[in-house]
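**Q** predicted coordinates and the sequence they were generated for:
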Protein chains: 2
Amino acid sequence: MEAAKEKEKLVNGVNVDQLFSTIDLIKDKPEVAKFKFRATNTWIDGTHNRATVKDFYGALEEDNSREPMVFHEDEPPVLLGTNQGANPVEYLLVALSGCLTTSLIAHASARGIEIKRVKSRYEGDIDLRGFLGISDDVLVGYQSIRVYFEIDADISEEQKEELVRMAQKYSPVFNTITKSADVSVQLDS
Amino acid sequence: MEAAKEKEKLVNGVNVDQLFSTIDLIKDKPEVAKFKFRATNTWIDGTHNRATVKDFYGALEEDNSREPMVFHEDEPPVLLGTNQGANPVEYLLVALSGCLTTSLIAHASARGIEIKRVKSRYEGDIDLRGFLGISDDVLVGYQSIRVYFEIDADISEEQKEELVRMAQKYSPVFNTITKSADVSVQLDS
């Protein structure tokens, strides 16, 4: 996944030469596209726990080169916590926001569309009767999530709408949430 | 959602008196359980963007009391980024890890089960041919996520298995991912 070093073309800070050479490489060798992402979590106390992200597998090799990235998760007092961090359902919105944004930027860049500014906001509804086991009739997870994008670029309203459609179509987090994914949970043996 | 202040019972750091009084209050007034969680995101450059979490609505009121919590998201160089933060699909695992852990601890605490230690690890498979638009035949999102829990507590293996089942049953993030949620994305007007 080496880019041509001589004249690299950046669009919106995305190296589109590297992007297209990666796509060509993957068309030739599909196994290059298989990635495994990872996290670990340690419970601290009450609703406070700490997740760490470091290594991953991709492009046919293990990558252990990053420094550990640590995330504290907790609840606000109204949900029995002490505000040691954002809560897990907020982290889900963080994940969704980053993924839709990167998907939008990457696909705009591939089409040569220059973007000046992108902002977005997220709001999701949860009825805690699910989590608390009070009612089996309410969803435990998010009932709905609303996302609003502001895009500043010299393109038409239709092109902005098309970017928002592409962001959704190609975002792994958006598709994991809206299409569901298989999650197996077990005791470590 | 005020707890009885005189003799609060903590199990695993969870105030179970407050937990049970919250449950009683919600049984009486289900609208207390309706929460709205939020995030905003600002694109920075390339695959680097920044999400912020602060206010939420819940227990019948807006809560704007927390300091802003800021999360940088980026990709590693092999995915065209410069490692300014964990990537969005890694944040999804962070969210899942915090939610399963808190769900496990809260439900163990409600049952009076003392937990000494909980650790867990997460690995998810993604085929980037989906994100890159190379193939319509592969899932864009996570294909599968595997979770392994280590629980240290003076309980039987069966009770540990039961805790792992409860963690899944009541975790909002787990249920959002495995059952899917409605996400609407639009341009801000």
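**A** Now that the structure is in, tell me what you want to look at.
**Q** if I look at residue A:59, how far off is chain B?
**A** 5 Å (Cβ to the nearest Cβ, to the nearest Å). For glycine as for every other residue, the C-beta is placed from the backbone atoms N, C-alpha and C.
**Q** and if you look at residue A:176?
**A** Relative to chain B, residue A:176 is positioned 3 Å away (criterion: Cβ to the nearest Cβ).
**Q** what's the helix or strand for that residue?
**A** Using DSSP states H and E, residue A:176 maps to helix A:172-179.
**Q** what do you get for residue A:114?
**A** For residue A:114, there is no host helix or strand (DSSP H and E).
**Q** mind listing what it touches?
**A** By Cβ atoms under 8 Å, 6 or more residues apart in numbering or on different chains, the contact list for residue A:114 reads A:11, A:12, A:153, A:154.
**Q** what of residue A:38?
**A** Contacts of residue A:38 were listed using Cβ under 8 Å, 6+ apart, and they are A:53, A:54, A:55, A:56, B:90, B:93, B:121, B:122, B:123, B:124.
**Q** where does it fall, phi/psi-wise?
**A** When read as degrees, to the nearest 10, the backbone of residue A:38 gives phi -140, psi 160.
**Q** for chain B, tell me which of the contacts of residue A:114 show up nearby.
**A** Residues of the contacts of residue A:114 in contact with chain B (Cβ under 8 Å from any Cβ of the partner chain): residue A:12.
**Q** between the helix holding residue A:176 and helix B:172-179, how many degrees?
**A** 70 degrees (axes from the mean of the first three to the mean of the last three Cα atoms, to 10 degrees).
**Q** which of the contacts of residue A:114 fall within strands?
**A** residue A:11 (DSSP state E).
**Q** could you export the helix ranked longest in chain A as PDB, CA atoms only?
**A** The longest helix of chain A (DSSP state H) is helix A:88-110. Output in PDB follows, covering the C-alpha atoms of helix A:88-110 (Å, rounded to 0.1, in the frame of the first residue of the first chain):
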ATOM      1  CA  PRO A  88     -21.100   4.100  26.200                       C
ATOM      2  CA  VAL A  89     -24.100   5.200  24.100                       C
ATOM      3  CA  GLU A  90     -22.400   8.600  23.600                       C
ATOM      4  CA  TYR A  91     -19.300   6.800  22.400                       C
ATOM      5  CA  LEU A  92     -21.500   5.100  19.900                       C
ATOM      6  CA  LEU A  93     -22.500   8.500  18.500                       C
ATOM      7  CA  VAL A  94     -18.900   9.500  18.500                       C
ATOM      8  CA  ALA A  95     -18.100   6.400  16.400                       C
ATOM      9  CA  LEU A  96     -21.000   7.100  14.000                       C
ATOM     10  CA  SER A  97     -20.000  10.800  13.600                       C
ATOM     11  CA  GLY A  98     -16.400  10.000  12.800                       C
ATOM     12  CA  CYS A  99     -17.300   7.300  10.300                       C
ATOM     13  CA  LEU A 100     -20.000   9.200   8.400                       C
ATOM     14  CA  THR A 101     -17.600  12.200   8.200                       C
ATOM     15  CA  THR A 102     -14.600  10.100   6.900                       C
ATOM     16  CA  SER A 103     -16.800   8.300   4.500                       C
ATOM     17  CA  LEU A 104     -18.200  11.600   3.200                       C
ATOM     18  CA  ILE A 105     -14.700  13.100   2.800                       C
ATOM     19  CA  ALA A 106     -13.100  10.000   1.300                       C
ATOM     20  CA  HIS A 107     -15.700   9.600  -1.400                       C
ATOM     21  CA  ALA A 108     -15.800  13.400  -2.100                       C
ATOM     22  CA  SER A 109     -12.000  13.300  -2.500                       C
ATOM     23  CA  ALA A 110     -12.200  10.300  -4.800                       C
END
